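Colleague: Predicted model follows, preceded by the sequence.
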Protein chains: 4
Amino acid sequence: MDSNFFHTLRKLLEKLPGIGPRQANRFLWAMLDFSEDEQKDLARAIAELPNHLRRCTTCWRAFSVKTNAGEGKVCSFCLPAEASAKAGWANSKRERNKIMVIEKDNDILNIERSGAYSGLYHVLGGMIDPLDENPIVRERIKKLYERMGKNQSKCEVILALSPTKTGEFTSNYIAKVLEPLAPKITRLARGLSTGVELEYADEMTLRHALDNRK
Amino acid sequence: MDSNFFHTLRKLLEKLPGIGPRQANRFLWAMLDFSEDEQKDLARAIAELPNHLRRCTTCWRAFSVKTNAGEGKVCSFCLPAEASAKAGWANSKRERNKIMVIEKDNDILNIERSGAYSGLYHVLGGMIDPLDENPIVRERIKKLYERMGKNQSKCEVILALSPTKTGEFTSNYIAKVLEPLAPKITRLARGLSTGVELEYADEMTLRHALDNRK
Amino acid sequence: MDSNFFHTLRKLLEKLPGIGPRQANRFLWAMLDFSEDEQKDLARAIAELPNHLRRCTTCWRAFSVKTNAGEGKVCSFCLPAEASAKAGWANSKRERNKIMVIEKDNDILNIERSGAYSGLYHVLGGMIDPLDENPIVRERIKKLYERMGKNQSKCEVILALSPTKTGEFTSNYIAKVLEPLAPKITRLARGLSTGVELEYADEMTLRHALDNRK
Amino acid sequence: MDSNFFHTLRKLLEKLPGIGPRQANRFLWAMLDFSEDEQKDLARAIAELPNHLRRCTTCWRAFSVKTNAGEGKVCSFCLPAEASAKAGWANSKRERNKIMVIEKDNDILNIERSGAYSGLYHVLGGMIDPLDENPIVRERIKKLYERMGKNQSKCEVILALSPTKTGEFTSNYIAKVLEPLAPKITRLARGLSTGVELEYADEMTLRHALDNRK
């Protein structure tokens, strides 16, 4: 019964990104040394998390539920401009004719920080990996299809998945799925990233950098 | 009120070892994607942690409270052999005339795994750092003093703190504090660790390795 | 006199790429343990290097002097097709309307290995660095200008310098120098390199990847 | 004939420690860009190296031949005190009753820099590796045996080989070889090196650190 307690707690901690058994143990000891109040606060905050943080039912990014705008189901990016303005939200001016498909919330953080993009997003929550299927990803791609179906001709879909094998695979899959809707589909350009040494650039990167030279 | 919620939760997560703001954000998103049951289980387990995991009031290592042996306050290493045997615990045969002073629970894990030691421990919960005082450490050293006071002549105290500046400082401090009790105080030997290249060994390590050659 | 010997030898060894004082010492000891024949062979080979390896007086890449084709002054890439064919060289089919400007011979190795390019090169031998001026680089840019002057309208110049600060600076400088000759000047595309994680991509890379999406 | 030239030169360069094919190529290009004088100086210096740097016929460390003291065959450490003083050398005061067996010249540099040792050395020039036999090492061990034979009872032999598998193997072998001469044989102490974290120390290091505690 008791070893069951630790087993369950460790397994849950190991579901956090980057946490293995060793780190999970460290977390146990660290939480043991929290003050009684801190322990209670942490437990309570985790229990209440779903009341404060949700996934937008349109773009699936995590957003903090501050007001009842959009009935608390739609994030400030996706809320129609009018409703957004009424709620006094800053993001009412995002470009609504661009949807960037990204893997995870952290990617959005990085892109928003760069200031290079001001359109909408669609968060997959992972990649399609034939060897380790994550049902959420296909579900989210289906949702993207439905989302496109409503205003297909108006939107550009920007596939912004990391240029890895599963990223390429997932991009190709999405391009195929959306094809019947005939939207404009683009991909982030491949080429030389800042700081890459030509001497060590891989073949694919060199080819892309040459083909897209300008 | 709401930004307060996230502020509090992030600060608590950042108290976990190795977790910074970026990782804390990732944890929020990961916990958001937990199933409802998983969220509740994690919150409940953290709230109940003090009922299952405690610090031994003798040696201060974390131990899981399985029975009421020792009134649930003393770990299986420290429980008197008789009571330990009665409770059916495996560790009744530890050498009770050796107390190894270590910094943290993880160190015990590593030492127990090596099988090189079968005495008792005393966990400091940190080092004495003049620039960043942690009151727990001095408190635990005081407890060690009291612990020694009860059976001073019988015990060897092995200072097993990492050979860093704060480690050396803390070892010297403890040696001085325990001196009036005149116990046998030893320190883990300094020398060449496995795999160290002589060519890159630092001066102190070379001196220790030479002085203690045999 | 003698310490002078070692001083001179060490300074020469430290001119080799990636070799510091420690490594120079190691080289001395290693060469000391060479057999007498090996020591002589190495000395002789270095003395004879200029007879076997030269810089092409057109593109400045290093080439091994095998025949007297081009009077031993022009590499197989730059030798006119006719003369090249006569000499029985394989490279007579390189595209002569493309000149890729690169920093160093190693870059050529990598590009040739990729098979993505079959034009000509122009090796700068470094970057323009205002803080650490290398006269060779400006001299080679002047030579490029003269080279372009002879057949300006026919050639595309591809600036293929690493996307670093000095690389950008040097590319801008060359573009300005060649402008009066009005050739077609392109640059390798910037974007996501293989394996880059979107989450960690820098702002410039994200901007380029977005601007050049297709 | 010509490809033979490069093949030979590259193979010689790859005999230098840490130099692989890629780095050997870079060296070729770098030497090509040396001035004519530098090329000649480097070739000449390498050819003359044996006149300036030799291995001591007693301890086998590399030493620079400055005078004819010891007929230019014995280093300043090994030259008898009287002859050393006559030659005006600084090292006449080294402790002649200690011989430290080390793997390579770089180890001596590090030990001398530490100032922790002022005895004599014996350089093996490698380790005994059953899978990759280096005849020099066994030859040098034989020389050590002969060296000990002349003044066996007076000397302590300190085995100071890195605590790796081949280091342990070689130390054991030497200890066995020297046993009939019955000298005092010691080994550098094993234990915690500076900066080692107890949490990550390996089992052997922990055992040594515990066994040698004091």
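Modeller: Right, received. Where do you want to start?
Colleague: CA only for contacts and neighbour counts going forward, please
Modeller: Will do.
Colleague: Could you list the domains of chain A?
Modeller: Listed domain ranges for chain A are A:2-50, A:95-214 (source: automatic domain parsing).
Colleague: Can I get those in TSV including distance to chain D and mean pLDDT?
Modeller: Putting those into TSV (distance: least, CA to the nearest CA, whole Å; pLDDT from 0 to 100) gives the following:
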stretch	distance to chain D	mean pLDDT
domain A:2-50	11	94
domain A:95-214	11	92
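Colleague: Of the ones you listed, which stretch is the most buried?
Modeller: Each of the domains of chain A was scored by mean neighbour count; the highest is domain A:95-214, a mean of 18, by mean count of other CA atoms under 10 Å in any protein chain shown.
Colleague: touching chain B at all, that domain?
Modeller: Yes: against chain B, domain A:95-214 shows contacts by CA under 8 Å from any CA of the partner chain at A:105-106.
Colleague: Strands of chain A, start to end?
Modeller: Here chain A has its strands, by DSSP state E, at A:53-55, A:62-64, A:98-102, A:120-123, A:156-159, A:184-187.
Colleague: excluding its backbone neighbours, what's nearest residue A:43?
Modeller: residue B:43 (4.3 Å; CA to CA, 6 or more residues apart in numbering or on different chains).
Colleague: meant to ask about residue A:117
Modeller: residue A:111 (6.9 Å).
Colleague: again with residue A:40
Modeller: That would be residue B:47: by CA to CA, 6+ apart, it lies 5.8 Å from residue A:40.
Colleague: I'd guessed the one you found sits against residue A:37; true?
Modeller: No: with contact defined as CA atoms under 8 Å, residue B:47 does not reach residue A:37; the gap is 10.1 Å.
Colleague: for chain A, what spans make up the helices?
Modeller: A:2-13, A:21-32, A:36-52, A:81-86, A:105-114, A:135-150, A:165-178, A:203-211 (DSSP state H).
Colleague: Select, out of those, the one closest to residue A:62.
Modeller: For residue A:62, the closest of those is helix A:105-114, at 6.9 Å, according to CA to CA.
Colleague: Tell me which other helices or strands that closest one touches.
Modeller: Under the contact criterion of 3 or more CA pairs under 8 Å, 6 or more residues apart in numbering or on different chains; DSSP states H and E, helix A:105-114 touches helix C:203-211.
Colleague: and the angle from the helix it packs on to helix A:105-114?
Modeller: 100 degrees (axes from the mean of the first three to the mean of the last three CA atoms, to 10 degrees).
Colleague: For helix C:203-211, list the C-alpha coordinates in PDB.
Modeller: Extracted in PDB, the C-alpha atoms of helix C:203-211 (Å, rounded to 0.1, in the frame of the first residue of the first chain):
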ATOM      1  CA  GLU C 203      15.300  35.700 -33.600                       C
ATOM      2  CA  MET C 204      17.300  36.300 -36.900                       C
ATOM      3  CA  THR C 205      16.900  32.600 -37.900                       C
ATOM      4  CA  LEU C 206      13.200  32.700 -37.200                       C
ATOM      5  CA  ARG C 207      12.700  36.000 -39.200                       C
ATOM      6  CA  HIS C 208      14.700  34.500 -42.200                       C
ATOM      7  CA  ALA C 209      12.800  31.300 -42.000                       C
ATOM      8  CA  LEU C 210       9.500  33.200 -41.900                       C
ATOM      9  CA  ASP C 211      10.400  35.700 -44.600                       C
END
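Colleague: Could you check it against chain A for contacts?
Modeller: Yes: Helix C:203-211 is in contact with chain A by CA under 8 Å from any CA, via C:203-211.
Colleague: wait, isn't the residue nearest to residue A:43 in contact with residue A:49?
Modeller: No: when contacts are counted by CA under 8 Å, residue B:43 is not listed as touching residue A:49 (10.0 Å).
Colleague: Identify the residues contacting the closest residue to chain B within chain A.
Modeller: Taking CA to the nearest CA, chain B has its nearest neighbour within chain A at residue A:43, 4.3 Å off. Taking CA atoms under 8 Å, 6 or more residues apart in numbering or on different chains as the criterion, residue A:43 is in contact with B:42-47.
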